[in-house]
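*Asks:* Curious how this folds, go ahead:
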Amino acid sequence: MNKILVTGGSGQVGKELKNILPDATYISSNEYDLTTEEGVQDLFMFSNFHTIIHLAAKVGGIIDNINNPSDYYADNVLMNTLMVNYAVKYNVERFIGVLSTCIYPDKVESYPMEESTLHAGPPTPTNFSYGISKRAMAVHIDAVNKQYNKQYCYVIPSNLYGIHDKFDERSHFVAALVKKIYEANKAGKDSITLFGSGTPLRQFMNARDLAVVLKRMIVEDVTESFNVASKDNLSINDIAKIALKACNCEHMSIEYDTSKPDGQYRKDVSTEKMNSIFSDLQFIHLEKGIKEVYNKLYEDSKAPHSRC
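*Replies:* Purely as a prediction, here's the structure:
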């Protein structure tokens, strides 16, 4: 197999990809600072990569995005711009950028959103800086293809979760939800409290499923850009109920703190193009995936270093 570089190797998708694509080179921010030209130059100077999967990003939950918009914008724009530019400079054959459905408009005329509606309006205000920074990479990749006759591409995955997510203030929704359930159960409580109203709709996908898609793109030489998402578009309330069942805590009730923001009401994306490329994809069922996350948190809590 040609030499492959995966940035963001210590993230949840990177760790899942390493299990099925072990011969690639995986790097993290502890090794290279991709927000600086010096860091990116050091990465490329003595290497000859054929393919790059660019997973590295500054990511976090809705509250952290609201509180630190400049950090999310600057860090992501810097690393994305530098990685694409150096891929061109060093004549990297293939580049796959991994974006987010946060890049899509806050509202569109019809759902699910197709790839063609990407620039139909601004991203949602709660994730605006992050959304614009990731959308800019899509613009950059399309521009590189036009100017330099490359076949670089990007995927736009829906909300991710998995066993390698963080369980702290930077955690995504499912990891934060599972931690709430775990701690409430441990404390003998009979309810959990979630931010917002519980009405927004989300397509959650296991990080392992995205890793499978990325590997298949390389093996099957896919150079198109497309959405990657599960078919299920569920309310936060329904997802919380599924999580309670997965964690054997169906006796708990769900309360909502409506003083906290909901975020974008819906951002479901079309999977028509994805399914036309990979007609046989089978994604992990949400309940099964959440049970894995809960079991991982439970096992980690028993480790000597754990503070749970």
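*Asks:* residues contacting the nearest residue to E287 once chain neighbours are set aside?
*Replies:* Take E287 and drop its neighbours on the chain: the residue closest to it by CB to CB, 6 or more residues apart in numbering is A246, 4.7 Å away. Quick note: C-beta positions are derived from backbone N, CA and C, even for glycine. In this structure, A246 makes contact with 287-288, 290-291, 294, judged by CB atoms under 8 Å, 6 or more residues apart in numbering.
*Asks:* among the residues you listed, which are in helices?
*Replies:* Counted as lying in helices by DSSP state H, out of the contacts of A246, are 287-288, 290-291, 294.
*Asks:* Drop anything exposed from the contacts of A246.
*Replies:* Neighbour counting with 16 or more other CB atoms under 10 Å marks 290-291, 294 as buried within the contacts of A246.
*Asks:* quick one: which of those is nearest K179?
*Replies:* Within the buried ones among the contacts of A246, distances to K179 taken as CB to CB reach their minimum at Y294, with 9.3 Å.
*Asks:* Would you quantify the distance from the closest one to D221?
*Replies:* With the distance defined as CB to CB, to the nearest Å, Y294 ends up 38 Å from D221.
*Asks:* can you give me how far whichever strand or helix holds L210 is from the chain middle?
*Replies:* Element membership for L210 (DSSP states H and E) is helix 207-219. Once both centres are worked out by CA atoms, centre = their mean, to the nearest Å, helix 207-219 turns out to sit 13 Å from its chain's centre.
*Asks:* What average pLDDT does that helix get?
*Replies:* Predicted confidence along helix 207-219 averages 98 (mean pLDDT).
*Asks:* which of the residues in it are buried?
*Replies:* Taking 16+ other CB under 10 Å as the neighbour-count basis, helix 207-219 is seen to contain the buried residues 207-218.
*Asks:* what's the following helix or strand after the one helix or strand in the chain whose mean pLDDT sits lowest?
*Replies:* Of all helical and strand segments in the chain, the minimum by mean pLDDT, DSSP states H and E falls on helix 62-67, at a mean of 84. In the C-terminal direction, the helix or strand that comes right after helix 62-67 (DSSP H and E) is helix 69-89.
*Asks:* Pick out whichever of the buried residues of helix 207-219 sits closest to I132.
*Replies:* Sorting the buried residues of helix 207-219 by distance to I132 puts L210 at the head of the list, at 22.1 Å, by CB to CB.
*Asks:* contacting residues around that closest one?
*Replies:* Residues in contact with L210 (CB under 8 Å, 6+ apart) are 13, 16, 98, 155, 157, 160, 228.
*Asks:* And the helices in the stretch 201-308 of the chain, which stretches?
*Replies:* Secondary structure of the stretch 201-308 of the chain by DSSP state H, counting those that start in this stretch: the helices cover 207-219, 236-246, 272-277, 286-301.
*Asks:* Could you say which one of those helices comes nearest to D64?
*Replies:* Judged by CB to CB, the one of the helices of the stretch 201-308 of the chain that comes nearest to D64 is helix 236-246, at 17.9 Å.
*Asks:* what comes up buried for the closest one?
*Replies:* Buried, per 16+ other CB under 10 Å, within helix 236-246: 236-237, 239-244, 246.
*Asks:* so what's the closest residue to I96 other than its chain neighbours up against?
*Replies:* Excluding its sequence neighbours, the residue lying closest to I96 (CB to CB, 6+ apart) is I53, at 4.9 Å. I53 is in contact with 4-7, 17, 24, 96, 98, 214, 218, counting by CB under 8 Å, 6+ apart.
*Asks:* now H140
*Replies:* When contacts are counted by CB under 8 Å, 6+ apart, H140 is found next to 80-81, 84.
*Asks:* make it 6 Å
*Replies:* With contact taken as CB atoms under 6 Å, 6 or more residues apart in numbering, H140 is in contact with V84.
*Asks:* That one: what secondary structure?
*Replies:* Each residue gets one of three states, and H140 gets helix by DSSP: H, G, I helix; E, B strand; the rest coil.
*Asks:* Helix, strand, or coil at the most centrally placed residue in the chain?
*Replies:* The central residue of the chain, meaning the one whose C-alpha is nearest the mean C-alpha position (CA atoms, centre = their mean), is L160 at 4.9 Å. Counting by three-state DSSP, the backbone at L160 sits in strand.
*Asks:* That one and L99: what is the separation?
*Replies:* Taking CB to CB as the measure, L160 falls 12 Å from L99.
*Asks:* quick one on the thing from earlier: which one of the ones in helices among the contacts of A246 sits closest to T258?
*Replies:* Looking at these and their distance to T258, the nearest is I290, at 24.1 Å (CB to CB).
*Asks:* Quick check, the closest one in contact with K245.
*Replies:* No. Counting by CB atoms under 6 Å, I290 does not reach K245; the two are 8.7 Å apart.
*Asks:* Among the contacts of A246, which one lies nearest to Y73?
*Replies:* The shortest gap between Y73 and any of the contacts of A246 belongs to I290, at 31.1 Å (CB to CB).
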